[in-house]
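1. Just need the structure, nothing else, for what follows:
(chains A, B, C and D)
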There are 2 protein chains.
Amino acid sequence: MTSVTSVISVAGRNPDDGDRPVPARRPGGRSARVRARVLDAVRVQLVEHGYDELTVDAVAARAGVHRTTVYRRWRDVGGLLADVLDTAGDDDWRPEDTGDLEGDLAALNREVQEALTARPSVTAALIAASFRSAEAADALRRFWADRYTRCEVVVDRAVRRGEVPEGTDARRLLVAATAPLYHHLVLLRMPPDPRLPGHAARSAALAASAGAFAEP
Amino acid sequence: MTSVTSVISVAGRNPDDGDRPVPARRPGGRSARVRARVLDAVRVQLVEHGYDELTVDAVAARAGVHRTTVYRRWRDVGGLLADVLDTAGDDDWRPEDTGDLEGDLAALNREVQEALTARPSVTAALIAASFRSAEAADALRRFWADRYTRCEVVVDRAVRRGEVPEGTDARRLLVAATAPLYHHLVLLRMPPDPRLPGHAARSAALAASAGAFAEP
DNA sequence: TCCTTAAAGCGACAACAGTTGTGTTATGAT
DNA sequence: ATCATAACACAACTGTTGTCGCTTTAAGGA
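-> Next up, the predicted model:
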């Protein structure tokens, strides 16, 4: 939601610095046009040539914009990806409701698997970039924080149905359910296992029902 | 164990190419000396300046060796780190035996947490490098494959004690137990939670005893 | 000891990343 | 319409990364 603000704060002065003259932002015409063209160029370049050919120069050239413009507004590739990810915030995304905890977690994991194995994957590219760029790392943190927060309803529903004890730590449960997928695909870099989403969901649900994520 | 071989295979021709003249490798004197000095330089540079200042030039300068030598033998920073990791293979490492599954997994997780939060962490550096260098990615895969294989005894013992059902998939259980730590520290990049190793171990052990990792 | 040649040294080079100073455009307020 | 200036364009520059061809050194076999 704060995508535009966050990017503009990178470009110019901090939006909430002086309390008087308000340096007069310019969200209008050209700036917006340039931004749209650059972000489009990032997406296209990513799709056509993958992450390792996603350089500032290539993006600028493709967008028909000068290099310095990109450097000044986005700083580096990580900044570009961060903006793309913020923009692509599916503000209406919600976790599926399948009727029980294990099903909900499995559906979630299938989405994660899909997002991570899509070629090219913006998420995977952003993860790679997050090891080089602070902006990308922050964007990724924001993205996951947002997602995990939205997923807490899954646990709420499970508590209401009596599947897991009250006081279950939603965040820990969700991490336990999804972490094996990230480990498998991102860190171990093994080919996707179609059964893994279900397996991970099942073991997490089992542990949760046994009270593994409930505090005393 | 195959550290020297793997590196040399990068430098020269494949060791098992021709079956006759055997191009005459030279593991002796100078080569070994240079290799030792370069790898030492990598370790020192990593300790003193961290991963982002671990460049080929800096390593070469510190080792008193020419840049091209490093480029030709190790290709890039990832190759250097891969060699360091292979060399540092604690060939005698074994998982602790605490008496029960949860304790074993917790001990394991504490080691992971320690290795990942140590500053500087060779493991963390290698993970970062694995997103840029194929050599680093391979070394990391080898490292983890080796570690997970060594850890399978933990599951064997648990099966023998009757803590988990027979036919429990050791690999999946171990990944489930350790993945949350990697997710937390490497991907989410949150400050280490001293309770997380125990928590993750507990939930994995619970799921395992409920048969979550046993195939029919 | 001599000889072959793997491996290291050396310098020059190209490609790229990133910065800075200055001029130009056009936005948004008057 | 006019004007101040935010935002982009342009060019020139620096430093880094990685490569290439050639020369020199020394390892290991005769």
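2. Can you spell out the domain ranges of chain A, please?
-> A:15-88, A:101-209 (automatic domain parsing).
3. State the mean pLDDT of the last one.
-> Translated: domain A:101-209. Mean per-residue pLDDT for domain A:101-209: 94.
4. for that domain, how far is the first residue from the last?
-> Domain A:101-209 has its terminal residues 10 Å apart, counting by CA to CA, to the nearest Å.
5. Do that domain and DNA strand C come into contact?
-> No - applying CB under 7 Å from any atom of the strand, one finds domain A:101-209 separated from DNA strand C by no less than 8.0 Å. From N, CA and C alone the C-beta is placed, and that goes for glycine too.
6. Does that domain reach chain B?
-> Yes - Domain A:101-209 lies within reach of chain B by CB under 8 Å from any CB of the partner chain, at A:127-128, A:130-131, A:137, A:140-141, A:144, A:172, A:175-176, A:178-180, A:182-184, A:186-189, A:199-200, A:202-204, A:206-208.
7. Tell me which stretches of chain A form strands.
-> Read by DSSP state E, chain A holds no strands at all.
8. Specify the helix with the largest residue count in it.
-> The helix spanning the most residues in chain A, taking DSSP state H as the definition, is helix A:134-161.
9. Please name the spatially closest residue to the residue nearest in space to the middle of chain A (chain neighbours excluded).
-> In chain A, the C-alpha nearest the mean C-alpha coordinate belongs to residue A:143, at 3.6 Å (CA atoms, centre = their mean). Excluding the flanking residues, the one nearest residue A:143 by CB to CB, 6 or more residues apart in numbering or on different chains is residue A:85, at 5.8 Å.
10. which residues sit in contact with the one you found?
-> A:122-123, A:126, A:139-140, A:143 (CB atoms under 8 Å, 6 or more residues apart in numbering or on different chains).
11. now do 10 Å
-> Contacts for residue A:85 (CB atoms under 10 Å, 6 or more residues apart in numbering or on different chains) come out as A:3, A:122-123, A:125-126, A:129, A:136, A:139-140, A:142-143.
12. before we move on, back to that, so what does the longest helix of chain A touch, helix or strand wise?
-> With contacts taken as 3 or more CB pairs under 10 Å, 6 or more residues apart in numbering or on different chains; DSSP states H and E, helix A:134-161 sits against helix A:3-11, helix A:77-87, helix A:101-117, helix A:122-129, helix A:170-182, helix A:196-209.
13. If I take the third one and helix A:134-161, what angle do their directions form?
-> Orientation note: helix A:101-117 sits at an angle of 160 degrees relative to helix A:134-161 (axes from the mean of the first three to the mean of the last three CA atoms, to 10 degrees).
14. from the middle of its chain, how far away would helix A:101-117 be?
-> Helix A:101-117 has its C-alpha centroid displaced from the chain centroid by 15 Å (CA atoms, centre = their mean, to the nearest Å).
15. Does residue A:125 touch residue A:81 like I think?
-> Yes - counting by CB atoms under 10 Å, residue A:81 is a contact partner of residue A:125 at 6.1 Å.
16. neighbour count winner among the two?
-> Under the criterion of other CB atoms under 10 Å in any protein chain shown, the comparison of residue A:125 against residue A:81 puts residue A:81 first, with 30 against 23.
17. And the residue nearest to residue A:143, how far from residue A:66?
-> Computed with CB to CB, to the nearest Å, the distance linking residue A:85 and residue A:66 is 24 Å.
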